[in-house]
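>>> Provide a 3D model corresponding to the input given below.
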Amino acid sequence: MYKTLLKPIFDFLLALIGFAILSPFFLIVLVLLMFNNQGKPFFFQKRPGKNGKIFKVIKFKTMNDKKDDKGILLPDAKRLTELGKFVRKTSLDELPQLINVLKGDMSLIGPRPLLPEYIPLYTPAQSKRHNVKPGITGWAQVNGRNAISWKKKFELDIWYVENISFKLDIKILLKTVFKVIKSEGINAVDAVTTEKFTGLN
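So this is what the prediction gives:
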C-alpha cells in the first residue's frame, strides 16, 4: 500500500513543502548562476525513469561550456566553476529536481537516475532499479554515493527496490540531511565526477 499509494502522496507533499522552505536558496543560486553561466542557470539531461521511460532531469548548472580550439568541450575539471564547486559541495545543484518530483517524473527517494546509454549494459537484476521511480536521494547515496563502486551502488539500489517501506524512506531522508551537512561522498576520490559505468556482466 505504501509503495503504490502513499509514497506518491508523501513525495508530492514533502517536495511542495521543501520547495516552499528552500525557495529563498533556490532564487539566490538561480541569480548567481545566471551571472556565472551567461544566463544559463539550469542543466537539463535525458534520464530513464520508472520502466525506462525517458524524462529530462533538472539540475543547477555547475560547469561552463568552454571549448578547446577544435570546438570540443574541455574536461569536466576545467569547466567546473568555483561557484559550481560550492553548489555541488552543498548539494544545492539537486534542488531543481524537486520540480521533477512535483511533475511525477521522480520520487524523493529511489535509485538515482543514470544515463540512458547504460540501460543495455544492465544485467536482469540491475534492471530492477527501473521498477520504481528514480530519486533525488537513495539508499546508495546515504551509503557512499560517488565514493563507492558501481557494483556496490547497484547492490544497494536493488536492495532498496526490494525493501521499500515508509520507515526506510524516513531513515534515508534523515541520513541524507546528515550527509549533506558533512558533504560526504560528493565525488569519487580524486575526481570531479564519478567514472562511467561500463557494465558488470
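
>>> go through the helix or strand bottoming out on mean pLDDT in the chain and flag the buried ones.
Counting by mean pLDDT, DSSP states H and E, the chain has its least confident helix or strand at helix 76-79, which shows a mean of 84. The neighbour-count check on helix 76-79 (16 or more other C-beta atoms under 10 Å) flags Arg79 as buried. In this view, the C-beta of every residue, glycine as well, is placed from N, C-alpha and C.

>>> helix or strand next in line after it, which one?
Going down the chain from helix 76-79, the next helix or strand is helix 82-89, by DSSP states H and E.

>>> I'd like the average pLDDT over stretch 87-105.
The predicted model assigns stretch 87-105 a mean pLDDT of 93.

>>> list the buried residues of it.
Quick answer for stretch 87-105 (16+ other C-beta under 10 Å): 87-88, 90-101, 105.

>>> then stretch 147-167?
148, 150, 153-158, 160-161, 164.

>>> could you dump the residues you listed into CSV with secondary structure and pLDDT added?
Converted to CSV, the buried residues of stretch 147-167 look like this (DSSP: H, G, I helix; E, B strand; the rest coil; pLDDT from 0 to 100):
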residue, secondary structure, pLDDT
Ile148, coil, 86
Trp150, helix, 91
Lys153, helix, 93
Phe154, helix, 94
Glu155, helix, 95
Leu156, helix, 96
Asp157, helix, 96
Ile158, helix, 96
Tyr160, helix, 97
Val161, helix, 97
Ile164, coil, 96
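
>>> quick one: which two of the buried residues of stretch 87-105 are the most distant?
Using C-beta to C-beta, the pair of the buried residues of stretch 87-105 lying farthest apart is Thr90 and Asp105, separated by 23.4 Å.
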